[in-house]
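Peer 1: Turn this into a structure:
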Amino acid sequence: MTNGLVQYVHSQNQANIMWSVDSADWRSGTDAIARNVLTQAQPGGIVLMHDGGGNRAPTVAALPRIIAELKRQGYEFVTIPELLEIADEYMSDEDIASQEQKAREMSESDEMPMYQSPLPY
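Peer 2: Reported below is the predicted structural model:
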C-alpha cells in the first residue's frame, strides 16, 4: 500500500488488518465461494467476505457449508482481537520486538506485506 493508509493508521495507534483468504464472493457463485475459502484456509487465517455491494445471497448460502467443514477440520472462529491475543501467547518477547520493529519500518515506508500467521501450526 503506497497511498498513505498504513502510515496514517499507525499514527492513530491503530492496526491495519489484512486478510489471508479472499473468498472472491463479489464475483463468484456459492460453490466457488466455498471452494475458495476451503482450499485457502489455514490456522490463524483471516477470510475476506463482503456484506454489501450487491446480491450477497451466494455468500450467505456458502457460509453454512464453509463453517461446517472448517469446524469438522478443527478450526475455531474468533474475532480479530481474540486472534491477536492468541498470537501473542505463542510469540516470544524477541518475536514481539521484531514484529514491532517491522511495523515501525513499514509505517515509515508505507508498505504492507502479505499476512503471515504467527501461530505455530
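Peer 1: what's the spacing between Leu70 and Glu94?
Peer 2: 32 Å (C-beta to C-beta, to the nearest Å). From N, CA and C alone the C-beta is placed, and that goes for glycine too.
Peer 1: how far away is Arg35 from Ser11?
Peer 2: As for Arg35, its distance to Ser11 is 39 Å (criterion: C-beta to C-beta).
Peer 1: If you could redo that for Leu70, that was the one I meant.
Peer 2: Taking C-beta to C-beta, one finds Leu70 at 36 Å from Ser11.
Peer 1: Among these two, which residue is more densely surrounded?
Peer 2: The neighbour count for Leu70 versus Ser11, taken as other C-beta atoms under 10 Å, is higher for Leu70 (17 against 10).
Peer 1: OK, contacts around that one?
Peer 2: Contact partners of Leu70, counting by C-beta atoms under 8 Å, 6 or more residues apart in numbering, are Val37, Leu38, Ala41, Phe77.
Peer 1: Any regions of this protein where pLDDT drops low?
Peer 2: In the predicted model, the chain carries pLDDT under 70 at residues 1-2, 103, 106-121.
Peer 1: Show me where it has its helices.
Peer 2: Shown for the chain, the helices assigned by DSSP state H span residues 5-11, 30-40, 57-72, 80-90, 93-109.
Peer 1: okay, the angle between the second one and helix 57-72?
Peer 2: In other words, helix 30-40. Using axes from the mean of the first three to the mean of the last three C-alpha atoms, to 10 degrees, one finds that helix 30-40 and helix 57-72 are set 40 degrees apart in direction.
Peer 1: what's helix 30-40 packed up against?
Peer 2: Identification of packing neighbours for helix 30-40 by 3 or more C-beta pairs under 8 Å, 6 or more residues apart in numbering; DSSP states H and E yields strand 21-22, helix 57-72.
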